[in-house]
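Visitor: Quick one, structure for this:
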Amino acid sequence: MKKTNDLKRSIEVTIKASIEEPEDHIVFQVVNTEKNQDMLKKAPHRRFLDLSIIYALTNEFGQFLMLVTDQIAETHGWSEDQLFQMAMRNTKVLFPFKVMRMCAFLFENSMELFGELPYEDDIYEPGPDDEEMWVLTNEQKVNGCTVLLYEELFHKLAERLGSDLYLLPSSRHEIIAVSSKVAEWAPLSTIVPEVNEEVVDEEDFLSDSVYRYDRISRGFSVVEE
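Guide: So this is what the prediction gives:
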(Lines give C-alpha, C1' and ligand atoms only; values in the text may rest on other atoms or scores of the structure.)
Protein backbone atom coordinates (compact mmCIF):
# COMPACT_ATOMS: atom_id res chain seq x y z
CA MET A 1 0.00 0.00 0.00
CA LYS A 2 2.85 2.38 0.84
CA LYS A 3 4.41 1.86 -2.61
CA THR A 4 1.07 2.61 -4.26
CA ASN A 5 0.63 5.83 -2.27
CA ASP A 6 4.20 6.88 -3.05
CA LEU A 7 3.57 6.29 -6.76
CA LYS A 8 0.38 8.37 -6.68
CA ARG A 9 2.18 11.24 -4.93
CA SER A 10 5.00 11.02 -7.47
CA ILE A 11 2.49 11.25 -10.34
CA GLU A 12 0.75 14.22 -8.75
CA VAL A 13 4.04 16.06 -8.19
CA THR A 14 5.16 15.40 -11.78
CA ILE A 15 1.90 16.66 -13.28
CA LYS A 16 1.62 19.70 -11.05
CA ALA A 17 5.22 20.66 -11.81
CA SER A 18 4.37 20.67 -15.52
CA ILE A 19 0.74 21.78 -15.62
CA GLU A 20 -1.17 23.94 -13.16
CA GLU A 21 -4.66 22.99 -14.40
CA PRO A 22 -4.38 19.46 -15.88
CA GLU A 23 -8.11 19.27 -16.69
CA ASP A 24 -7.58 22.05 -19.24
CA HIS A 25 -4.68 20.24 -20.90
CA ILE A 26 -6.11 16.80 -21.61
CA VAL A 27 -6.32 16.18 -25.35
CA PHE A 28 -7.07 13.36 -27.76
CA GLN A 29 -4.62 11.13 -29.52
CA VAL A 30 -5.69 8.48 -32.02
CA VAL A 31 -3.71 5.28 -32.60
CA ASN A 32 -4.05 2.06 -34.55
CA THR A 33 -5.73 -0.47 -32.26
CA GLU A 34 -4.03 -3.62 -33.51
CA LYS A 35 -0.51 -2.18 -33.28
CA ASN A 36 -0.93 -0.69 -29.79
CA GLN A 37 -2.41 -3.51 -27.74
CA ASP A 38 0.20 -3.32 -24.98
CA MET A 39 -0.30 0.40 -24.45
CA LEU A 40 -4.09 0.10 -24.51
CA LYS A 41 -3.97 -2.44 -21.68
CA LYS A 42 -2.74 0.26 -19.30
CA ALA A 43 -4.54 3.39 -20.53
CA PRO A 44 -8.16 4.58 -20.65
CA HIS A 45 -9.39 4.39 -24.24
CA ARG A 46 -12.36 3.80 -26.52
CA ARG A 47 -12.67 2.22 -29.94
CA PHE A 48 -13.36 4.21 -33.11
CA LEU A 49 -13.37 2.46 -36.49
CA ASP A 50 -10.18 0.34 -36.49
CA LEU A 51 -8.54 2.93 -34.23
CA SER A 52 -8.48 3.71 -30.52
CA ILE A 53 -8.88 7.07 -28.82
CA ILE A 54 -6.42 7.68 -26.00
CA TYR A 55 -5.66 10.74 -23.89
CA ALA A 56 -2.55 12.81 -23.27
CA LEU A 57 -1.49 15.81 -21.20
CA THR A 58 0.05 18.87 -22.85
CA ASN A 59 1.73 21.97 -21.50
CA GLU A 60 0.80 25.55 -22.26
CA PHE A 61 2.76 25.38 -25.52
CA GLY A 62 0.68 22.48 -26.83
CA GLN A 63 3.59 20.05 -26.46
CA PHE A 64 2.68 16.49 -25.50
CA LEU A 65 4.03 15.57 -22.08
CA MET A 66 2.63 12.19 -21.15
CA LEU A 67 0.04 9.54 -21.86
CA VAL A 68 -2.86 9.45 -19.40
CA THR A 69 -2.49 5.94 -17.99
CA ASP A 70 -4.93 4.05 -15.79
CA GLN A 71 -2.77 5.02 -12.82
CA ILE A 72 -2.88 8.74 -13.64
CA ALA A 73 -6.63 8.62 -14.25
CA GLU A 74 -7.21 6.81 -10.96
CA THR A 75 -5.02 9.28 -9.07
CA HIS A 76 -7.11 12.21 -10.31
CA GLY A 77 -10.46 10.44 -10.19
CA TRP A 78 -11.00 10.78 -13.95
CA SER A 79 -13.33 8.30 -15.63
CA GLU A 80 -12.87 7.52 -19.32
CA ASP A 81 -16.05 9.44 -20.12
CA GLN A 82 -14.75 12.48 -18.22
CA LEU A 83 -11.47 12.28 -20.10
CA PHE A 84 -13.36 12.14 -23.40
CA GLN A 85 -15.42 15.22 -22.55
CA MET A 86 -12.38 17.20 -21.39
CA ALA A 87 -10.41 16.22 -24.49
CA MET A 88 -13.35 17.09 -26.75
CA ARG A 89 -13.32 20.60 -25.28
CA ASN A 90 -9.56 21.11 -25.10
CA THR A 91 -8.20 19.60 -28.31
CA LYS A 92 -9.88 22.06 -30.66
CA VAL A 93 -8.68 24.97 -28.50
CA LEU A 94 -5.07 23.88 -28.06
CA PHE A 95 -4.77 22.38 -31.54
CA PRO A 96 -7.08 24.45 -33.82
CA PHE A 97 -8.27 22.65 -36.95
CA LYS A 98 -7.34 23.38 -40.55
CA VAL A 99 -9.17 22.24 -43.69
CA MET A 100 -7.34 23.08 -46.90
CA ARG A 101 -6.87 22.00 -50.50
CA MET A 102 -3.95 19.64 -51.03
CA CYS A 103 -2.20 22.18 -53.27
CA ALA A 104 -2.38 24.81 -50.51
CA PHE A 105 -1.12 22.27 -47.96
CA LEU A 106 1.90 21.39 -50.12
CA PHE A 107 2.58 25.06 -50.81
CA GLU A 108 2.50 25.85 -47.08
CA ASN A 109 4.79 22.93 -46.25
CA SER A 110 7.27 24.06 -48.87
CA MET A 111 7.44 27.50 -47.30
CA GLU A 112 7.92 26.02 -43.83
CA LEU A 113 10.60 23.56 -44.88
CA PHE A 114 12.61 25.65 -47.34
CA GLY A 115 11.62 29.24 -46.55
CA GLU A 116 10.88 29.94 -50.20
CA LEU A 117 8.22 29.46 -52.83
CA PRO A 118 8.12 26.15 -54.68
CA TYR A 119 9.07 26.14 -58.35
CA GLU A 120 6.39 27.51 -60.61
CA ASP A 121 5.93 24.11 -62.26
CA ASP A 122 5.00 22.65 -58.87
CA ILE A 123 2.06 25.04 -58.44
CA TYR A 124 -1.19 24.34 -60.21
CA GLU A 125 -4.50 26.13 -60.41
CA PRO A 126 -7.15 24.54 -58.19
CA GLY A 127 -9.93 22.78 -60.07
CA PRO A 128 -13.58 22.47 -59.08
CA ASP A 129 -14.08 21.74 -55.39
CA ASP A 130 -15.25 18.17 -55.90
CA GLU A 131 -12.18 17.32 -58.00
CA GLU A 132 -9.74 18.37 -55.30
CA MET A 133 -8.07 16.42 -52.54
CA TRP A 134 -8.53 18.08 -49.15
CA VAL A 135 -6.29 17.88 -46.09
CA LEU A 136 -7.78 17.97 -42.59
CA THR A 137 -5.27 18.53 -39.80
CA ASN A 138 -4.48 21.13 -37.12
CA GLU A 139 -2.41 24.31 -37.12
CA GLN A 140 0.57 22.51 -35.56
CA LYS A 141 0.26 19.61 -38.06
CA VAL A 142 0.95 17.23 -35.17
CA ASN A 143 -1.50 14.45 -34.35
CA GLY A 144 -3.91 16.11 -36.73
CA CYS A 145 -5.80 12.85 -37.27
CA THR A 146 -7.81 13.77 -34.18
CA VAL A 147 -9.99 15.81 -36.55
CA LEU A 148 -11.79 12.49 -37.14
CA LEU A 149 -13.47 13.00 -33.77
CA TYR A 150 -15.12 16.25 -34.90
CA GLU A 151 -17.80 15.09 -37.31
CA GLU A 152 -19.04 18.59 -38.09
CA LEU A 153 -15.84 19.35 -40.04
CA PHE A 154 -16.53 16.48 -42.43
CA HIS A 155 -20.20 17.35 -42.70
CA LYS A 156 -19.38 20.90 -43.80
CA LEU A 157 -16.90 19.63 -46.40
CA ALA A 158 -19.31 16.93 -47.65
CA GLU A 159 -22.07 19.52 -48.00
CA ARG A 160 -19.73 21.82 -49.89
CA LEU A 161 -18.82 19.00 -52.30
CA GLY A 162 -22.35 17.61 -52.45
CA SER A 163 -21.25 14.04 -51.85
CA ASP A 164 -19.99 11.46 -49.40
CA LEU A 165 -16.26 11.48 -48.69
CA TYR A 166 -13.54 8.88 -48.92
CA LEU A 167 -11.04 9.46 -46.13
CA LEU A 168 -7.41 8.39 -46.40
CA PRO A 169 -5.43 8.11 -43.15
CA SER A 170 -2.30 9.69 -44.58
CA SER A 171 -0.57 9.47 -41.18
CA ARG A 172 -1.32 10.30 -37.57
CA HIS A 173 -0.79 13.94 -38.54
CA GLU A 174 -3.45 14.46 -41.21
CA ILE A 175 -6.47 12.97 -42.97
CA ILE A 176 -6.99 13.34 -46.73
CA ALA A 177 -10.56 13.62 -48.01
CA VAL A 178 -11.81 13.22 -51.56
CA SER A 179 -15.34 13.35 -52.99
CA SER A 180 -16.95 9.98 -53.71
CA LYS A 181 -18.16 11.55 -56.99
CA VAL A 182 -14.65 11.54 -58.43
CA ALA A 183 -12.92 8.68 -56.57
CA GLU A 184 -13.49 4.95 -56.26
CA TRP A 185 -12.67 2.74 -53.31
CA ALA A 186 -10.77 -0.01 -55.17
CA PRO A 187 -7.73 2.03 -56.28
CA LEU A 188 -7.67 3.94 -53.00
CA SER A 189 -7.56 0.67 -51.04
CA THR A 190 -4.33 -0.17 -52.87
CA ILE A 191 -2.78 3.28 -52.67
CA VAL A 192 -3.08 3.71 -48.88
CA PRO A 193 -1.05 0.65 -47.81
CA GLU A 194 1.51 1.32 -50.55
CA VAL A 195 2.08 4.88 -49.34
CA ASN A 196 2.26 3.70 -45.73
CA GLU A 197 4.87 1.12 -46.66
CA GLU A 198 7.03 3.40 -48.80
CA VAL A 199 6.66 6.87 -47.29
CA VAL A 200 5.18 6.91 -43.77
CA ASP A 201 7.48 6.36 -40.80
CA GLU A 202 6.41 3.51 -38.54
CA GLU A 203 5.84 5.89 -35.61
CA ASP A 204 3.49 8.00 -37.77
CA PHE A 205 1.44 5.08 -39.14
CA LEU A 206 -2.30 5.29 -38.52
CA SER A 207 -4.11 2.72 -40.67
CA ASP A 208 -4.13 0.90 -44.02
CA SER A 209 -7.91 1.25 -44.22
CA VAL A 210 -10.00 3.60 -46.33
CA TYR A 211 -12.86 5.26 -44.45
CA ARG A 212 -16.11 6.67 -45.78
CA TYR A 213 -18.11 9.58 -44.41
CA ASP A 214 -21.82 9.42 -45.21
CA ARG A 215 -23.24 12.92 -45.41
CA ILE A 216 -26.85 11.73 -44.95
CA SER A 217 -26.38 9.54 -41.86
CA ARG A 218 -23.41 11.71 -40.76
CA GLY A 219 -21.45 8.60 -39.83
CA PHE A 220 -18.02 7.07 -40.48
CA SER A 221 -17.27 3.53 -41.58
CA VAL A 222 -14.36 1.37 -42.69
CA VAL A 223 -14.82 0.61 -46.40
CA GLU A 224 -14.63 -3.10 -47.12
CA GLU A 225 -14.99 -5.06 -50.33
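
Visitor: going forward, measure contacts between C-alpha atoms and count neighbours the same way
Guide: Fine.

Visitor: Give the helix, strand or coil label for residue 88.
Guide: Secondary structure of residue 88, reduced to three states by DSSP: H, G, I helix; E, B strand; the rest coil: helix.

Visitor: which residues sit in contact with it?
Guide: Contacts for residue 88 (Cα atoms under 8 Å, 6 or more residues apart in numbering) come out as 27, 28.

Visitor: Ok, residue 179 next?
Guide: For residue 179, the contacting residues are 130, 131, 132, 133, 158, 161, 163, 164, 165, 166, by Cα under 8 Å, 6+ apart.

Visitor: again, only using 7 Å
Guide: Residues counted as contacts of residue 179 (Cα atoms under 7 Å, 6 or more residues apart in numbering) are 130, 161, 163, 164, 165, 166.

Visitor: Could you do residue 165 as well?
Guide: So residue 165 contacts 158, 177, 178, 179, 180, 212, 213, 214 (Cα under 7 Å, 6+ apart).

Visitor: from the residues you listed, which ones fall inside strands?
Guide: Mapping these onto strands (DSSP state E) picks out 177, 178, 179, 212, 213, 214.

Visitor: Closest to residue 151 out of the residues you listed?
Guide: residue 213 (9.0 Å; Cα to Cα).

Visitor: Closest to residue 199 out of the ones in strands among the contacts of residue 165?
Guide: Among these, and counting by Cα to Cα, the member closest to residue 199 is residue 177, at 18.5 Å.

Visitor: What is the burial count for the closest one?
Guide: Using other Cα atoms under 10 Å as the criterion, residue 177 is surrounded by 27 other residues.

Visitor: At which residues are the strands of this structure located?
Guide: 26-32, 46-48, 51-58, 64-67, 97-101, 133-138, 165-171, 174-179, 211-214, 219-222.

Visitor: What count of nearby residues applies to residue 216?
Guide: Neighbours of residue 216 (other Cα under 10 Å): 11.

Visitor: mind checking how far it is from residue 45?
Guide: Distance of residue 216 to residue 45, given as Cα to Cα, to the nearest Å: 28 Å.

Visitor: Any idea what residue 51 is bridged to?
Guide: Beta-bridge partners of residue 51, counted by DSSP bridges, are residue 32, residue 48.
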